[in-house]
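> sequence first, then the predicted structure, then my questions.
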Amino acid sequence: MLEKIQSLGHNTIYIIAGLGRAMMMLLSAIVQVPNPKKGWPLLMNQLFSVGVLSLLIIIVSGTFIGMVIALQGYTILVGYGAEASLGPMVALSIIRELGPVVTALLFAGRAGSALTAEIGLMKATEQLSSLEMMAVDPLRRVIAPRFWAGLISMPLLSAIFAAVAILGGHLVGVDWLGVDSGTYWSVMQAEVDWSNDVLNGVIKSVVFAFVITWIAVYKGYDCVPTSEGISRATTATVVQSSLIVLGLDFILTALMFTN
Amino acid sequence: MSENLVEIKNLSFYREERCIYDDISLNIPKGKVTAIMGPSGIGKTTLLRLIGGQLKPDSGQILFAGQDIPSLSRSKLYTLRKKMSMLFQSGALFTDMSVFENVAFPMREHSRLPENLIEKMVMMKLEAVGLRGAMHLKPGELSGGMARRAALARAIALDPELILYDEPFAGQDPISMGVVVRLIRDLSDALGLTSVVVSHDVPEVMSIADYIYIVAEQKIIGQGTPEQISEMKSELVQQFIQGEADGPVPFHYPAQSYKSQLLGEDP
Amino acid sequence: MVSKKIELLVGLFVAIGIAAILMLALKVANAGIAGNGETYQLYAKFDNIGGLKVRSPIKVGGVVVGRVENIKLDQEDYMPIVTLEIYSNYDNFSEATSVSILTAGLLGEQYLGLDPGFLDEELDIGVLQPGDFIEDTKPALVLEELIGQFLFSQDSED
């Protein structure tokens, strides 16, 4: 019994210490005077590897998810003679939910795991230590540009996902199943609200971007510098950020879309 | 011995519960090659990280040119680190940059020199380690010995006062070992650099070091010039420099009696 | 050091991202047109608001001219008061304007329909000022009441 309480205490301290380290890392990485001359190329390179390289998977999955929703939605709506509502159904489910969430999950798998593995490898090969010994702060040099790149890329990716998904819905709903194109867009425009739907979707994706990138860079920075440690850290990034995204999504939805 | 660049006084360091160093003191004289030897796993690399300020000791002082490293503020520590550099065991070259970019990196970070001047200086550093021809290769394309030489060129890029070598001879073939030995000696003699070599390769260290400390069991068990060391009476020192399998450092990891374990008796 | 190719691709990525946000704003949410301009408020008191909700559209002849901003009960007579948020470019409604709660389609959402009425200075019918109450209101149709009326009229014909 005493041992169980002790292990509970041990785990609690362990988790809180980890959170504290993560917080300190983030603060010392992003609280700084930016140096445009050195920072800009670093950010560019990271935007490329975090954002541009995730583009293909986002576009492909966005298109397919939009097409599937249109197909599923049509078969349900047509039973009520309400296939005119296909547009808002696709748009609302994508913009409010699937856009931010699916993008976040794909981003965690594609970019998050790569960030963790890259930083972990830099740690294991002593590149981080060697930066420190060269009087270059690895938090600013390595962590900060990756963090900002993630924070900038993911909302953009999320918007791209939503846009191609709605176009994918158009492809199936209008071009294949024969819903009128004008109806698809106009009913959508009447139902979708800029601040209530689009902006809230953007806010969601910014929150997810923050959480995923933070977890990814922290797990890499804090990993045990061995090959086993890196693989554990990479797995932990994907699992933890996916779970936290889903949990946060529920909380955000409850705050945003219920009166 | 004239002046000490680094003085370590009454240093104790614990990792978790385990004692790594128990109240040790040592001096590193300016302009000489000082070696720190000892069996693997006793935290020789830890000592370098302590000097570099990456770890903080539990007690004791580490003075670098009169400044106590553990008590320095972050920004002062970073300023001080520009005067020292470290050659890591793996080389720790940045894998996403070419050899040239790697060597140019510290210069670009810490100086405002124009690009054409940096280019010339990088050439000089690479020439010194004999890798001018390899400057456009990526670290992945270098052999282990070449990677270490490239890392050495990067370590001397800012003309530091102190270079910390972490196991410079480990895992090298005889030829590149010879090259590294020569480079360390030459850099020390030609540039007046202070060098600290952490290693367990006895013959190489004996051939280049001006002064040797042997560390084992959390203490310094022997110190002196290579000649003094090889004449030391201590069994532990003799076992280490002769490379004998059994001695004061036993061949067997501490265990219960072999016979009783085989017979399944309770210890 | 950033290569030209990476800069180009990053630029392209950001451009596509911004284009996607613009598409969501303009093509999907239609935010550009009469979406977030200036508004003013009118009030209307109903007997029954049925299924009217906050943010339901307000239409004149099918054109959206504003949205329901707030619904609350009058503290004195317990009648629902609806706050109407009307776009400022439609600021010329007469005091004779009537407002009714209508339903879009059979199962659709309820919305407010405005019937603008006319201006007549001789009869002293002026323009509705921000904060005015619209006097002429028609409550929502409640299905049970409709059926009740229908049965009642059937009875009286016999």
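Nice, thanks for sending it over. Numbering: from 1, shown residues only, chains lettered A, B, ... in the order given.
> hmm, whichever helix in chain C runs longest in reach of chain B?
Scanning chain C for the helix with the most residues, using DSSP state H, yields helix C:4-23. No. Shown here: helix C:4-23 not in contact with chain B (CB under 8 Å from any CB of the partner chain), separated by at least 12.1 Å. From N, CA and C alone the C-beta is placed, and that goes for glycine too.
> flag the shaky bits of the stretch 151-259 of chain A, pLDDT-wise.
Residues of the stretch 151-259 of chain A meeting the criterion pLDDT under 70: A:259.
> mind splitting chain C into its structural domains?
C:1-35, C:39-157 (automatic domain parsing).
> list the contacts of the closest residue to residue B:11 other than its chain neighbours.
Excluding its sequence neighbours, the residue lying closest to residue B:11 (CB to CB, 6 or more residues apart in numbering or on different chains) is residue B:60, at 3.5 Å. With contact taken as CB atoms under 8 Å, 6 or more residues apart in numbering or on different chains, residue B:60 is in contact with B:8, B:9, B:10, B:11, B:12, B:23.
> list only buried entries from those residues.
B:8, B:11 (16 or more other CB atoms under 10 Å in any protein chain shown).
> in strands only, show me the contacts of residue B:60.
Judged by DSSP state E, strands contain the following of those: B:8, B:9, B:10, B:11, B:12, B:23.
> rewinding a little: the longest helix of chain C near chain A anywhere?
Yes. Residues of helix C:4-23 are located near chain A by CB under 8 Å from any CB, namely C:6-7, C:9-10, C:12-14, C:16-21, C:23.
> so which elements touch the next helix or strand after that helix?
Next helix or strand after helix C:4-23 toward the C-terminus (DSSP states H and E): strand C:39-45. For strand C:39-45, the packing partners by 3 or more CB pairs under 8 Å, 6 or more residues apart in numbering or on different chains; DSSP states H and E come out as strand C:80-87, strand C:133-134.
> deepest-packed of those strands, please.
The highest average neighbour count among the helices and strands packed on strand C:39-45, using mean count of other CB atoms under 10 Å in any protein chain shown, belongs to strand C:80-87 at a mean of 19.
> what's it packed up against?
strand C:39-45, strand C:57-60, strand C:63-73.
> surely residue B:164 meets residue B:198?
Yes. Residue B:164 is within contact range of residue B:198, at 7.5 Å (criterion: CB atoms under 8 Å).
> quickly list what's touching both of the two.
Common neighbours of residue B:164 and residue B:198, using CB under 8 Å, 6+ apart, are residue B:48.
> name the nearest residue to the residue of the stretch 151-259 of chain A found nearest chain C, ignoring sequence neighbours.
For the stretch 151-259 of chain A, the residue closest to chain C is residue A:156, as judged by CB to the nearest CB, at 2.9 Å. Distance criterion CB to CB, 6+ apart; nearest residue to residue A:156, sequence neighbours excluded, is residue C:17 at 2.9 Å.
> quick one: contacts of stretch A:159-171?
With CB under 8 Å, 6+ apart as the criterion, stretch A:159-171 contacts A:55, A:58-59, A:61-67, A:69-70, A:86-87, A:90-91, A:94-95, A:98-99, A:102-103, A:181, A:184, A:188, A:201-202, A:205, C:16-17, C:19-21, C:23-24, C:28.
> narrow these to those in strands?
Per DSSP E, the contacts of stretch A:159-171 never map to strands.
> was I right about residue B:31 contacting residue B:190?
No. The criterion here is CB under 8 Å, and residue B:31 misses it with residue B:190 at 11.2 Å.
> okay, the two: which has more neighbours?
In this view residue B:31 and residue B:190 are compared by other CB atoms under 10 Å in any protein chain shown, and residue B:31 has more residues nearby, 16 against 9.
> pLDDT wise, what is the closest residue to that one other than its chain neighbours at?
If you skip the residues right next to it in sequence, residue B:31 has residue B:192 as its closest partner in space, 5.0 Å away by CB to CB, 6+ apart. pLDDT, residue B:192: 82.
> do the same with residue C:142
75.
> wait, what's in contact with it?
C:48, C:50.
> same thing but at 6 Å, please
Residue C:142 makes no contacts at all, as judged by CB atoms under 6 Å, 6 or more residues apart in numbering or on different chains.
> what helix or strand is residue A:105 on?
Counting by DSSP H and E, residue A:105 is found in helix A:99-107.
> does residue A:89 really touch residue A:74, like I thought?
No. Judged on CB atoms under 6 Å, residue A:89 makes no contact with residue A:74 at a distance of 9.0 Å.
> quick one: low-confidence residue ranges for chain B.
Ranges of chain B meeting pLDDT under 70: B:1-2, B:249-250, B:266-267.
> how about the residues of it near chain A?
By the rule CB under 6 Å from any CB of the partner chain, the part of chain B lying against chain A is B:52, B:78, B:81, B:82, B:86, B:88, B:90, B:92, B:94, B:106, B:109.
> now with 8 Å, please.
Counting by CB under 8 Å from any CB, chain B sits next to chain A at B:49, B:52, B:54, B:78-79, B:81-82, B:84-86, B:88-90, B:92-95, B:105-106, B:109-110, B:164.
> from the residues you listed, list the buried ones, please.
In the residues of chain B next to chain A, burial by neighbour count holds for B:49, B:52, B:54, B:78, B:81-82, B:84-86, B:88-90, B:92-94, B:105-106, B:109-110, B:164, counting by 16+ other CB under 10 Å.
> which ones among those lie within helices?
Using DSSP H, the subset of those located in helices is B:49, B:78, B:81, B:105, B:106, B:109, B:110.
> helices or strands next to the lengthiest helix in chain B in the packing?
In chain B, assigned by DSSP H, the helix with the most residues is helix B:174-191. Where contact means 3+ CB pairs under 8 Å, 6+ apart, helix B:174-191 is packed against strand B:33-37, helix B:115-129, helix B:144-155, strand B:194-199, helix B:202-208.
> any idea how far residue B:45 is from residue B:61?
20 Å (CB to CB, to the nearest Å).
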